[in-house]
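>>> Sequence plus the predicted model coming up.
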Amino acid sequence: MYERALGEDGACLRPLEPWRAEEFLAHLDRGREFIGRHVGLPDLVPDLPAAGRFLRTYADRAAADTGCLHGIWAEDRLVGGVLLRTMDVAQGTAEAGCWLEPAAAGRGLVTRAARLLIDWAIEERGIHRVEWQVAPGNVPSIAVARRLGMTREGVLRQNYLYRGRRRDTEIWSVLAPEWRANRAAA
């Protein structure tokens, strides 16, 4: 088990493992409506058995080196998460994502956590391209992509059905050389 500090405020990043299913569900229940405005996670995890299955899926992806899931804790309470939804080491590509409950918004937690995750993906796993897919109306997530130095590549128009409506997806990305240059400049 490991934990990484996210700054001086006591917030930290830890693996979000299957044995934390009850804590994960309680966290989602606190932010279900807020998180579900743009992210399908609350719909995927309506109850404890689904929470366990979801976390086991990511434990399996971590074991297979095809993705990973990490929780963000503040004041010893799970308040959000970051993940590599997909990771293809052979191709050097990954898709990062995030979510956060409303009480933790506006503190830079997702940006700090995503920065650690992307840095690990690029420097430790050799990922060349990290993608960030976001609903155009998800202003906070777009702001994170910008703070991470990502470039907006375009919009996939009406590419997925969400809660009965067709939605667009903005594609943002950062390439390893850009990531390293941005980090060196900071």
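Happy to help now that I have it. Computed from a predicted structure; not experimentally measured.
>>> Tell me, how many residues neighbour D9?
Neighbour count of D9, defined by other C-beta atoms under 10 Å: 13. All C-beta atoms are positioned from the backbone trio N, CA, C, and that covers glycine.
>>> swap in E101?
For E101, using other C-beta under 10 Å, the count is 21.
>>> go on, P102?
P102, neighbours per other C-beta under 10 Å, totals 12.
>>> That one and F34 touch, don't they?
Yes: between P102 and F34 there is a contact under C-beta atoms under 8 Å: 4.3 Å.
>>> Put the alpha carbons of stretch 40-47 into PDB.
C-alpha atoms of stretch 40-47 as PDB (Å, rounded to 0.1, in the frame of the first residue of the first chain):
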ATOM      1  CA  GLY A  40     -21.600   8.300 -15.500                       C
ATOM      2  CA  LEU A  41     -19.900   6.900 -12.400                       C
ATOM      3  CA  PRO A  42     -22.900   7.400 -10.100                       C
ATOM      4  CA  ASP A  43     -25.100   5.400 -12.500                       C
ATOM      5  CA  LEU A  44     -22.600   2.600 -12.700                       C
ATOM      6  CA  VAL A  45     -22.400   2.300  -8.900                       C
ATOM      7  CA  PRO A  46     -26.000   2.400  -7.400                       C
ATOM      8  CA  ASP A  47     -25.300   0.000  -4.500                       C
END
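>>> Can you pull out the residues in contact with that stretch?
24-25, 28, 31-33, 35-36, 50-51, 54, 99, 162-163 (C-beta atoms under 8 Å, 6 or more residues apart in numbering).
>>> And that stretch, what's buried?
Buried residues in stretch 40-47, counting neighbours by 16 or more other C-beta atoms under 10 Å, are found at 41-42, 45.
>>> Give me the distance from that stretch to the chain's centre.
15 Å (C-alpha atoms, centre = their mean, to the nearest Å).
>>> One more: stretch 161-181?
The answer for stretch 161-181 is 12 Å, by C-alpha atoms, centre = their mean.
>>> And for stretch 73-83?
The answer for stretch 73-83 is 11 Å, by C-alpha atoms, centre = their mean.
>>> Can you name the residues in contact with that stretch?
So stretch 73-83 is contacted by 9-14, 16, 20, 23-24, 26-27, 58, 67-72, 96-101, 103-104, 107, 109-110, 113-114, 117 (C-beta under 8 Å, 6+ apart).
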